[in-house]
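> Any chance you can model this:
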Amino acid sequence: MPFSLDELFESPREPPSPHPASLPEAELIDNCELTRGRTGGPGGQHRNKTETHVMLRHTPTGVTAQAGERRSPEANRRVAIRRLRLNLALQVRMEVPTGDVRSELWRSRCKGGKIVCNPKHADYPSLLAEAMDMIEACKSDVKKASVRLGCSMSQLLRLLRQHPEALEAVNNARRERGLHAMK
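Next up is the predicted model:
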């Protein structure tokens, strides 16, 4: 289905609201219920006496994440926040208006059509959320989404492949629309 670049880059009506995955940590935590508990497994007596397991539930969306593999509650909290950001990026879709709506973060991480971000970096969940939102806004047309995001289709697919659940979610949406899966 052909599309014009003018249609893709007309001026946006209003700036989009930020995706929950890209909120500053303090604001994200304010929107969450945090629960601590004990967990089984290795760790011996320390693990049985302290509540190091951390569970987060993002109240507005109901998306959850947890961590309990570390001995420190603070370390588990950091891991749970990271997992929550990735889960939000996968499960929550934000509306994308027409026009050039790339975030400042996206612009700084996408130079010359290439997306530069290690999947372990703190910016990765925000970039993933923005990519997933744009793909959904383009009705699973990854090529159209890559044009709107100012990157190559192969770079966009590379970003998705770095978190296999993201590529799986995009492929499931494509199958529902009668499109072939991306590899």
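> Quick check: the closest residue in space to Gly150 that isn't next to it in sequence vs Lys183, distance?
Nearest residue to Gly150 in three dimensions, chain neighbours excluded: Cys110, at 5.7 Å (C-beta to C-beta, 6 or more residues apart in numbering). Every C-beta, even on glycine, is put in place using the N, C-alpha and C of the backbone. Separation of Cys110 from Lys183 (C-beta to C-beta, to the nearest Å) stands at 22 Å.
> neighbour count winner among those two?
Cys110 (22 against 7; other C-beta atoms under 10 Å).
> Does the more buried one have any beta-bridge partners, and if so which?
Beta-bridge partners recorded for Cys110 (DSSP bridges): Ile115.
> Could the C-alpha coordinates of the longest helix seen in the chain be exported in PDB?
Secondary structure assigned by DSSP state H gives helix 73-91 as the longest helix of the chain. Once non-C-alpha atoms are left out, helix 73-91 reads as follows in PDB (Å, rounded to 0.1, in the frame of the first residue of the first chain):
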ATOM      1  CA  PRO A  73      16.100  -5.900  48.300                       C
ATOM      2  CA  GLU A  74      17.500  -2.800  46.600                       C
ATOM      3  CA  ALA A  75      19.200  -4.900  43.900                       C
ATOM      4  CA  ASN A  76      15.900  -6.800  43.300                       C
ATOM      5  CA  ARG A  77      14.000  -3.500  43.200                       C
ATOM      6  CA  ARG A  78      16.300  -2.200  40.400                       C
ATOM      7  CA  VAL A  79      15.900  -5.500  38.400                       C
ATOM      8  CA  ALA A  80      12.100  -5.400  38.900                       C
ATOM      9  CA  ILE A  81      12.000  -1.800  37.700                       C
ATOM     10  CA  ARG A  82      13.900  -2.800  34.500                       C
ATOM     11  CA  ARG A  83      11.600  -5.700  33.900                       C
ATOM     12  CA  LEU A  84       8.500  -3.500  34.500                       C
ATOM     13  CA  ARG A  85       9.800  -1.000  31.900                       C
ATOM     14  CA  LEU A  86      10.300  -3.800  29.400                       C
ATOM     15  CA  ASN A  87       6.800  -5.300  30.200                       C
ATOM     16  CA  LEU A  88       5.200  -1.800  29.800                       C
ATOM     17  CA  ALA A  89       7.000  -1.400  26.400                       C
ATOM     18  CA  LEU A  90       5.500  -4.700  25.300                       C
ATOM     19  CA  GLN A  91       2.000  -4.500  26.700                       C
END
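> name the helices or strands packed onto it?
Here helix 73-91 touches helix 25-30, strand 32-37, strand 53-58, strand 64-67, helix 124-137, helix 164-176, going by 3 or more C-beta pairs under 8 Å, 6 or more residues apart in numbering; DSSP states H and E.
> Right, I'll leave it there.
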